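Colleague: next comes the sequence, and after it the predicted model I'd like to discuss.
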Amino acid sequence: MSLFAGQAPRPLADRMRPAHLHEVVGQDHLLGPEGPLGRMVAAGALSSLILWGPPGTGKTTIARLLAEVSDLHFEAISAIQSGVVELRKIFEAARRRREGGQGTLLFCDEIHRFNRAQQDAFLPVVEDGTVTLVGATTENPSFELNGALLSRCRVLVLRALDEAALGALVARAEAALGAPLRLTDEARAALLSLAGGDGRYLLNLVEQVATLPGEEVLDPAGLGRVLQRRMATHDKAGDGHYDLLSAFHKSLRGSDVQAALYYAARMMVGGEAPEVVFRRLLCAASEDVGTADPQAMVQVISAWDAYERVGWPEAKLFMAQAITYVATAPKSNAAYMGFTRALAAAERSAHLPPPLSVLNAPTKMMKELGYHAGYQYDHDAPEAYAGQDFLPEALRAEIFFTPNERGFEREIRKRLDYWAGLKARRGG
């Protein structure tokens, strides 16, 4: 290390790294006395771990401090910059260290970026205890890590820092800086909101505010002028994409229009393609509204078409209208479930022919065989309903579609009951 390395300027986030596990904020569910890491440390029995959580929640810091309290040599690598050759060198050094009586905690950042073959390289050294692996990932381990590695590690979920944890970080930073930030209470709240649960990013913002010249106390508008706005976190190819889509669809299904509008806004602010939102909206209009309000699909398709014709930002009007319509529409999955039951019946009864009466008879031979015999043209019957059987005989007792009493399905139910009554009176 250079003689002057200690004099080089360091970012506030680096200077503020906790020196002890109890200084880590926002992860008490893991580090508290009853948390899994708290119990491991107390028992002196640290196992290999996968730390899964959003950026800036303390994954690297926790790994480093775990090594200290467990008296393990700390070795850190990044999956972005390392390959199997580097891993082999680290494993060999860990073996030599182990022979000398010291264990190794190997911290692997972005471990999900290793391919399956590279992940397999960890298996023997984790299995025999050559290293205690602590992998960090922002992606769902069950999708990104192979099963063999997961079976040898415990997955722990870190949470995005809440307002209390972020507030504690700011207070700690102000103490280290020796002066409070020149912010109104409203601007301070806006600063915490800008961080988006990321402690490292928050400390970077604090440093920018603390180094501003002058004595002006900033309100939210002033804070917005001096800070670059943080882009919304939304990985369009990762878990965030599917999590927000899931929350959006379930909000629509649950008739929570406030949440549906919010999650759609989250996706749009995060740069999601509008067709992704409309596609999910259209699915909900059919799957969850269905025939309780057949206009729901029409509304969504019309809004989607208008969106493409006009474009953003005016087109947000059409998206909002479609979302509020679907979210507040009466709900029924009767059509969807009816077709699901019909598909299952079709799988097991594909050998059954339709009744001969409903089949056309374009040739003399087919007529002689009874094709089309007894068919009744419904428009010639009273109420335009002849009450014929169209299902194969073995399936005539099956009921696939059962409308409920919500919305337009109430009218559909009345019609079905009416036709059933006509059929019964006519001896069908």
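Modeller: Noted; the coordinates are in hand.

Colleague: mind listing the strands for the stretch 101-250 of the chain?
Modeller: 104-109, 132-137, 154-157 (DSSP state E, counting those that start in this stretch).

Colleague: export the ones you listed as TSV, with columns for distance to S251, mean pLDDT and mean neighbour count.
Modeller: C-beta: built from backbone N, CA, C; applies to glycine. Shown next, in TSV, are the strands of the stretch 101-250 of the chain (distance: least, Cβ to Cβ, whole Å; pLDDT from 0 to 100; neighbours: other Cβ atoms under 10 Å):
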stretch	distance to S251	mean pLDDT	mean neighbour count
strand 104-109	34	95	24
strand 132-137	28	94	25
strand 154-157	23	92	15
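
Colleague: out of the ones you listed, which comes closest to R98?
Modeller: strand 104-109 (7.2 Å; Cβ to Cβ).

Colleague: run through the neighbouring helices and strands of that closest one.
Modeller: helix 59-69, strand 73-78, helix 84-99, strand 132-137 (3 or more Cβ pairs under 8 Å, 6 or more residues apart in numbering; DSSP states H and E).

Colleague: most tightly surrounded among these?
Modeller: Highest mean neighbour count of the helices and strands packed on strand 104-109: strand 132-137, a mean of 25 (counted as mean count of other Cβ atoms under 10 Å).

Colleague: so what touches that strand?
Modeller: 46-52, 59-60, 62-63, 66, 70, 72, 103-112, 122, 125-126, 144-145, 152-153 (Cβ atoms under 8 Å, 6 or more residues apart in numbering).

Colleague: neighbouring strands of it in the sheet, and parallel or not?
Modeller: strand 49-52 (parallel), strand 104-109 (parallel) (DSSP bridges).

Colleague: now do the shortest one, average pLDDT.
Modeller: Read that as strand 49-52. Averaging pLDDT along strand 49-52 yields 94.

Colleague: neighbouring contacts of it?
Modeller: 59, 62-63, 111, 133-141, 145, 150, 153-158.

Colleague: what residues of stretch 146-156 count as buried?
Modeller: Within stretch 146-156, the residues scored as buried using 16 or more other Cβ atoms under 10 Å are 146, 149-150, 153, 156.

Colleague: and P313, which of the strands paired with strand 132-137 is closest to it?
Modeller: strand 49-52 (35.9 Å).

Colleague: flag the shaky bits of the chain, pLDDT-wise.
Modeller: The chain contains residues with pLDDT under 70 at 1-8, 228-241, 427-428.

Colleague: got the domain ranges for it?
Modeller: Structural domains assigned to the chain are 27-157, 163-226, 239-328, 352-425, following automatic domain parsing.

Colleague: for the longest one, how far is the first residue from the last?
Modeller: According to Cα to Cα, to the nearest Å, domain 27-157 extends 9 Å from its N-terminal end residue to its C-terminal end residue.

Colleague: just stretch 392-401 next, same as before
Modeller: So stretch 392-401: terminal residues 17 Å apart, Cα to Cα.

Colleague: quick one: the strands of the stretch 101-250 of the chain as TSV, columns for distance to G167 too.
Modeller: Formatted as TSV, the strands of the stretch 101-250 of the chain follow (distance: least, Cβ to Cβ, whole Å):
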stretch	distance to G167
strand 104-109	27
strand 132-137	25
strand 154-157	22
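
Colleague: nearest to R341, out of these?
Modeller: Between the strands of the stretch 101-250 of the chain, strand 154-157 lies closest to R341; by Cβ to Cβ that is 38.0 Å.

Colleague: test my guess that L183 contacts V209.
Modeller: Yes - the pair L183 and V209 passes the contact test of Cβ atoms under 8 Å, sitting 6.8 Å apart.

Colleague: what is in contact with those two at once?
Modeller: Contacts common to L183 and V209, judged by Cβ under 8 Å, 6+ apart, are 191, 218, 223.

Colleague: need those residues in TSV (columns: distance to G35 and neighbour count).
Modeller: Shown next, in TSV, are those (distance: Cβ to Cβ, whole Å; neighbours: other Cβ atoms under 10 Å):
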residue	distance to G35	neighbour count
L191	29	22
L218	37	23
L223	35	22
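
Colleague: among the strands of the stretch 101-250 of the chain, which is nearest F91?
Modeller: strand 104-109 (8.4 Å).

Colleague: which residues are in contact with the closest one?
Modeller: 46, 59-60, 63-64, 66-67, 70, 72-80, 90, 93-94, 97-98, 114, 122, 130-136.

Colleague: stretch 350-359 too?
Modeller: 366, 369-375, 388-395.

Colleague: so which of those is the closest to E314?
Modeller: Out of these, the member with the shortest distance to E314 (by Cβ to Cβ) is F390, at 48.5 Å.

Colleague: helix, strand or coil: sort out the closest one for me.
Modeller: At F390 the chain is in coil, as set by DSSP: H, G, I helix; E, B strand; the rest coil.

Colleague: ignoring the adjacent residues along the chain, who's closest to it?
Modeller: Spatially, and ignoring its direct neighbours in sequence, F390 is nearest to V358 (5.5 Å; Cβ to Cβ, 6 or more residues apart in numbering).

Colleague: present the shared contacts of L183 and V209 as TSV; the columns should include distance to A315.
Modeller: Shown next, in TSV, are the shared contacts of L183 and V209 (distance: Cβ to Cβ, whole Å):
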residue	distance to A315
L191	32
L218	35
L223	30
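
Colleague: what is the burial count for V217?
Modeller: Here the count is done by other Cβ atoms under 10 Å, and V217 has 11 residues near it.

Colleague: hang on, isn't it packed against L181?
Modeller: No - V217 is not in contact with L181 according to Cβ under 8 Å; the separation is 9.3 Å.

Colleague: can you pull the contacts of the residue nearest to L51 when sequence neighbours are not counted?
Modeller: Counting by Cβ to Cβ, 6+ apart, the nearest residue to L51 once its immediate chain neighbours are dropped is K59, at 4.4 Å. K59 makes contact with 51, 53, 109, 136, 158 under the criterion Cβ under 8 Å, 6+ apart.

Colleague: try 7 Å
Modeller: 51, 53, 136, 158 (Cβ atoms under 7 Å, 6 or more residues apart in numbering).
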